[in-house]
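**Student:** got a predicted model here, sequence first, then my questions.
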Amino acid sequence: MKRIFSVFLVACVALVSASAQETEKKQYLPEAGDWSIGVDVKPIFKYVSGLFNNYGKQSNLDFGGGQPSIFRPDTSMVTLTDTTAYSDYLQYYPTVSIMGKYMITDQLAVKVNLGLLYNTSKKGTYSDDQLAAILDPFSQSKVANVTATRQLGLSLQAGAEYRIGKKRIQGVFGGGLMFGISNDKTTYSYGNEMTIINQWPLGSAQSKDKPKEGYRPLKQFTKTPTIYAGLYGSAGVEVFVAPKISLGAEVSLCAGYLIKPQKFQISEGYNPDMGIIEKHTELIEPLTASFQLSTRNLGGSLYMAFYF
């Protein structure tokens, strides 16, 4: 009798445990036929941290939402005094990343990720006000020299993902196609005006793309967008913190073609032959196309997803 009772008790415990697992699965985990919408939460963290930094003013939530960058270094490496090279450190990460998903089975899903980029940044230095110094030799007045950059972009990923695990912590692996376009423009403004008398004012940017001596940059731009197309692979983990609500972390690596358009620069300077201040437009970067695959193109995301 005791043996029968023990077997019965073990069987009950096993049934209760299996029932609990099944209930947990239905309450927490996605199932075939579920839809999902998610948003990358890392831009919020970076925006909050950016409120406490002092390396310029930014009006964006500057992060990528798991989209691979177009092989640019992090803007955090730029110093306050590096006003001319700032545009070289821009990232082609989307500002906001939104994902949609449909569960074909309990483990397999198709996935689309849309990234939108809007980024405006300003960096500045101060120099002596030369006009004020002429009027008052003892003047301590300063003027600002500002480098302003604007970025617009769009990225799209479409692919599939597969998850493993039957608990509330699951591994997620995926891959697919990606496409992105972006365009940026940099403008330079100066506190001291360039004139026939003052041919090289204080505060003039020493641009590495300066067309010739005595000229200072006013604007850098492209006539067509940068285009990127390729394949991506991703791996991560998703934790279900509430029924059909999850937090996830993901890293991705992509390989593809990058097409960068011609870049032009408008500069101003003194023309001694004509005795005037003139503007000059010059090609500073040719069109380039290249295939890219490297660890420099790793992307990452922290996201929250809702299944229904």
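**Tutor:** Looks like it came in fine.

**Student:** where along this protein do the helices fall?
**Tutor:** 2-28, 42-50, 130-135 (DSSP state H).

**Student:** where does the protein have low pLDDT?
**Tutor:** 1-26, 42-96, 205-213, 294-299 (pLDDT under 70).

**Student:** domain-wise, how is it divided?
**Tutor:** 1-30, 31-307 (automatic domain parsing).

**Student:** I'd assumed His280 was in contact with Leu218.
**Tutor:** No: the criterion here is C-beta atoms under 8 Å, and Leu218 misses it with His280 at 9.4 Å. Heads up, the C-betas are built off the backbone N, CA and C, glycines and all.

**Student:** looking at the two, which is more packed in?
**Tutor:** Leu218 (19 against 14; other C-beta atoms under 10 Å).

**Student:** who touches that one in this structure?
**Tutor:** Thr187, Tyr188, Ile266, Ser267, Glu268, Lys279 (C-beta atoms under 8 Å, 6 or more residues apart in numbering).

**Student:** of the residues you listed, closest to Lys167?
**Tutor:** Thr187 (53.3 Å; C-beta to C-beta).

**Student:** hey, what's the closest one bridged with?
**Tutor:** Under DSSP bridges, the beta-bridge partners of Thr187 are Ala148, Lys219.

**Student:** how about it, what does it touch?
**Tutor:** Here Thr187 is in contact with Thr147, Ala148, Thr149, Leu218, Lys219, Gln220 (criterion: C-beta under 8 Å, 6+ apart).

**Student:** can I get these in CSV with distance to Thr105?
**Tutor:** Shown next, in CSV, are the contacts of Thr187 (distance: C-beta to C-beta, whole Å):
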residue, distance to Thr105
Thr147, 52
Ala148, 50
Thr149, 45
Leu218, 58
Lys219, 53
Gln220, 50
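
**Student:** which of the residues you listed sit farthest apart?
**Tutor:** Comparing all pairs in the contacts of Thr187 by C-beta to C-beta, the longest separation belongs to Thr149 and Leu218, at 13.7 Å.

**Student:** and the buried ones among the contacts of Leu218, selectable in ChimeraX?
**Tutor:** To isolate the buried members of the contacts of Leu218 in ChimeraX, using 16 or more other C-beta atoms under 10 Å:
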select :187,188,266,267,268
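
**Student:** let's have the contacts of Leu218 in TSV, adding distance to Gly165.
**Tutor:** Shown next, in TSV, are these (distance: C-beta to C-beta, whole Å):
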residue	distance to Gly165
Thr187	51
Tyr188	53
Ile266	56
Ser267	59
Glu268	62
Lys279	62
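
**Student:** on that earlier part again, which residues do Leu218 and His280 both contact?
**Tutor:** Ile266, Ser267, Glu268.

**Student:** give me the neighbour count for Lys223.
**Tutor:** Lys223 has 9 nearby residues by other C-beta under 10 Å.

**Student:** how close does it get to Leu258?
**Tutor:** 17 Å (C-beta to C-beta, to the nearest Å).

**Student:** what about Gly300, how many neighbours?
**Tutor:** By other C-beta under 10 Å, the residues close to Gly300 number 18.

**Student:** identify the bridge partners of the residue nearest to it when sequence neighbours are not counted.
**Tutor:** Once flanking residues are discounted, Gly300 sits nearest to Val251: 5.0 Å by C-beta to C-beta, 6 or more residues apart in numbering. Beta-bridge pairing for Val251 (DSSP bridges): Ala235, Gly300.

**Student:** was I right about Val251 contacting Gly233?
**Tutor:** No: shown here, Val251 and Gly233 do not form a contact pair, counting by C-beta under 8 Å, at 9.6 Å.

**Student:** ok, the nearest residue to Leu156 once chain neighbours are set aside - how many residues close by?
**Tutor:** The spatially closest residue to Leu156, leaving aside those adjacent along the chain, is Phe179, at 5.1 Å (C-beta to C-beta, 6+ apart). Phe179 has 14 neighbouring residues, counting by other C-beta under 10 Å.
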